[in-house]
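**Student:** sequence unavailable; structure follows:
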């Protein structure tokens with residue numbers, strides 16, 4: 001009996017301990033609620049995007065060639081062209097190519113007939129004291145210095161009796177300086193290596209002078225350009241052909257090839273008798289003192305001055321050289337509406353200046369006339 005009570009008490013005790021243990025494990029230990037802290041992370045909520053509306057690709061326009069506006073006066077109005085020319089982009093390219101192949105930038109050549117011989121034409125600028133620029137033309141001294149030696153050089157493509165066809169013929173080449181089969185033009189360029197060439201050819205004697213003259217002039221210009229030399233074409237003072245067709249031909253060639261044209265004809269129009277003696281061909285003569293109004297009533301000072309201005313203008317245009325002050329190139333003349341009236345326009349003498357020289361030269365033939373040198377009248381200023 002006692003044993004049974006002991007067993008029963010043991011069972012009850014064990015059961016109470018087990019119930020206490022189960023009750024303790026099922027009750028959680030209270031925990032104080034945590035206080036939320038501010039987060040340093042910035043949440044970026046993306047905006048709701050809408051699908052893009054499809055756009056048709058733009059059509060690529062076809063390139064349209066826009067022609068450059070040609071502002072040059074047409075060759076029919078050559079009498080209105082300026083005396084000192086400008087240069088075209090094509091001539092700048094020609095000049096640069098010539099320098100690259102070895103042309104001397106300080107050399108120019110002369111291509112012409114009797115009115116380009118060194119004793120009259122340009123050589124004065126290699127002789128200090130033989131000319132005077134005065135204040136008005138003092139800006140030209142830099143150009144004179146730059147091309148020193150070229151002014152008085154005896155060109156192998158200049159000579160009395162030469163014409164526009166002669167310079168392209170080996171028969172006229174100097175046998176002492178030119179190679180066999182070489183033309184005067186090719187010989188001159190080989191020896192002198194110029195970067196610029198002045199082309200001044202007077203009247204072509206014979207039938208259809210302008211037509212034949214223009215054919216040879218185009219051939220001559222193409223030869224010059226092929227050597228990457230920049231040509232300067234010169235108009236002439238005379239009108240021996242009677243209709244100014246030679247000068248018109250020169251202007252057409254200048255226009256077509258985009259080359260500079262020294263409009264000497266325009267420079268002498270204000271002078272008495274347009275700067276010509278009674279034979280209508282030879283230029284009136286005086287020495288090259290450009291600050292002497294009396295001398296500047298004669299043609300030869302204007303020929304040398306305006307040729308210098310042409311070289312200066314072309315050289316500055318080709319190289320981008322600037323000049324601080326550039327005065328007007330020549331006396332202003334009124335544009336001529338009718339080219340056929342060029343030689344009949346009245347010339348009003350300048351008050352206080354002497355009248356034009358009237359010495360007359362009577363050649364025995366045109367051939368002798370155009371090969372003759374200018375006659376210096378006794379009344380001309382020295």
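**Tutor:** Perfect, thanks for sending it. Nothing here was measured: the structure is a model prediction, and the numbers come from that model.
**Student:** below-threshold pLDDT in the stretch 1-150 of the chain: ranges please.
**Tutor:** 1-68 (pLDDT under 70).
**Student:** my read: residue 140 touches residue 308, true?
**Tutor:** Yes - proximity of residue 140 to residue 308 meets the contact threshold set by C-beta atoms under 8 Å, at 5.6 Å. Using the backbone N, CA and C atoms, a C-beta is placed for each residue, glycine as well.
**Student:** the two: which is more packed in?
**Tutor:** Set side by side, residue 140 and residue 308 show unequal neighbour counts under other C-beta atoms under 10 Å, the larger going to residue 308 at 24 against 20.
**Student:** quick one, helices of the chain?
**Tutor:** Listed from the start of the chain, the chain has helices (DSSP state H) covering 2-26, 89-100, 141-146, 184-192, 209-226, 245-257, 264-268, 299-319, 366-371.
**Student:** and those helices, which is most packed in?
**Tutor:** The densest packing among the helices of the chain, expressed as mean neighbour count by mean count of other C-beta atoms under 10 Å, is seen in helix 264-268 with a mean of 26.
**Student:** residues contacting residue 193?
**Tutor:** Residues near residue 193 by C-beta atoms under 8 Å, 6 or more residues apart in numbering: 102, 103, 104, 107.
**Student:** thought the last one was touching residue 198?
**Tutor:** No - with the criterion set as C-beta under 8 Å, residue 107 and residue 198 do not qualify as a contacting pair; they are 12.0 Å apart.
**Student:** higher neighbour count, those two?
**Tutor:** Neighbour tally, residue 107 and residue 198, criterion other C-beta under 10 Å: the higher count belongs to residue 198, 26 against 17.
**Student:** now the more buried one: how far from residue 136?
**Tutor:** Spatial separation of residue 198 from residue 136 under the definition C-beta to C-beta, to the nearest Å is 23 Å.
**Student:** same deal with residue 304?
**Tutor:** Counting by C-beta to C-beta - residue 304 and residue 136 are separated by 15 Å.
**Student:** and the closest residue to residue 132 other than its chain neighbours, what's its pLDDT?
**Tutor:** Counting by C-beta to C-beta, 6 or more residues apart in numbering, residue 289 is the residue found nearest to residue 132 once chain neighbours are left out, at 4.3 Å. At residue 289 the predicted local distance difference test score is 98.
**Student:** my guess is residue 303 contacts residue 264, does it?
**Tutor:** Yes - taking C-beta under 8 Å as the contact criterion, residue 303 and residue 264 are neighbours in contact, 6.3 Å apart.
**Student:** hey, what's in contact with both of these two?
**Tutor:** The contact lists of residue 303 and residue 264 share residue 237, where a contact means C-beta under 8 Å, 6+ apart.
**Student:** how close does the residue nearest to residue 306 when sequence neighbours are not counted get to residue 75?
**Tutor:** With C-beta to C-beta, 6+ apart as the measure, residue 267 is the residue that lies nearest to residue 306, at 4.6 Å, once sequence neighbours are left out. With the distance defined as C-beta to C-beta, residue 267 ends up 18 Å from residue 75.
**Student:** who's in contact with residue 162?
**Tutor:** Taking C-beta under 8 Å, 6+ apart as the criterion, residue 162 is in contact with 112, 113, 114, 172, 184.
**Student:** actually residue 173, not the one I wrote
**Tutor:** 156, 182, 183, 184, 187.
**Student:** if you tally nearby residues, what's the number for residue 242?
**Tutor:** For residue 242, the tally of surrounding residues (other C-beta under 10 Å) stands at 10.
**Student:** what about residue 227, distance to residue 101?
**Tutor:** Residue 227 sits 9 Å away from residue 101, going by C-beta to C-beta.
**Student:** these two: which is more packed in?
**Tutor:** Neighbours around residue 227 and residue 101, counted as other C-beta under 10 Å, are more numerous at residue 227. The numbers are 19 against 10.
**Student:** and the closest residue in space to the more buried one that isn't next to it in sequence, what's its pLDDT?
**Tutor:** Excluding its sequence neighbours, the residue lying closest to residue 227 (C-beta to C-beta, 6+ apart) is residue 189, at 5.4 Å. Listed pLDDT for residue 189 reads 98.
**Student:** tell me the predicted confidence for residue 164.
**Tutor:** 89.
**Student:** no wait, residue 359
**Tutor:** Looking at residue 359, its pLDDT is 30.
**Student:** equivalent analysis for residue 274, please.
**Tutor:** At residue 274, the model reports a pLDDT of 97.
**Student:** same check, this time on residue 344
**Tutor:** At residue 344, the predicted lDDT confidence score is 30.
**Student:** returning to what we had before: got CSV for the helices of the chain, with distance to residue 119 too?
**Tutor:** Conversion of those to CSV gives the following (distance: least, C-beta to C-beta, whole Å):
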stretch, distance to residue 119
helix 2-26, 138
helix 89-100, 29
helix 141-146, 18
helix 184-192, 18
helix 209-226, 24
helix 245-257, 24
helix 264-268, 18
helix 299-319, 11
helix 366-371, 14
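**Student:** so which of those helices is nearest residue 123?
**Tutor:** Ranking the helices of the chain by distance to residue 123, with C-beta to C-beta as the measure, places helix 299-319 first at 9.0 Å.
**Student:** and the angle for that closest one with helix 89-100?
**Tutor:** 80 degrees (axes from the mean of the first three to the mean of the last three C-alpha atoms, to 10 degrees).
**Student:** so for helix 299-319, mean pLDDT?
**Tutor:** If you average the pLDDT over helix 299-319, you get 98.
**Student:** what helices and strands are in contact with that helix?
**Tutor:** The helices and strands touching helix 299-319, judged by 3 or more C-beta pairs under 8 Å, 6 or more residues apart in numbering; DSSP states H and E, are helix 89-100, helix 141-146, strand 196-200, strand 230-234, strand 261-262, helix 264-268, strand 288-289.
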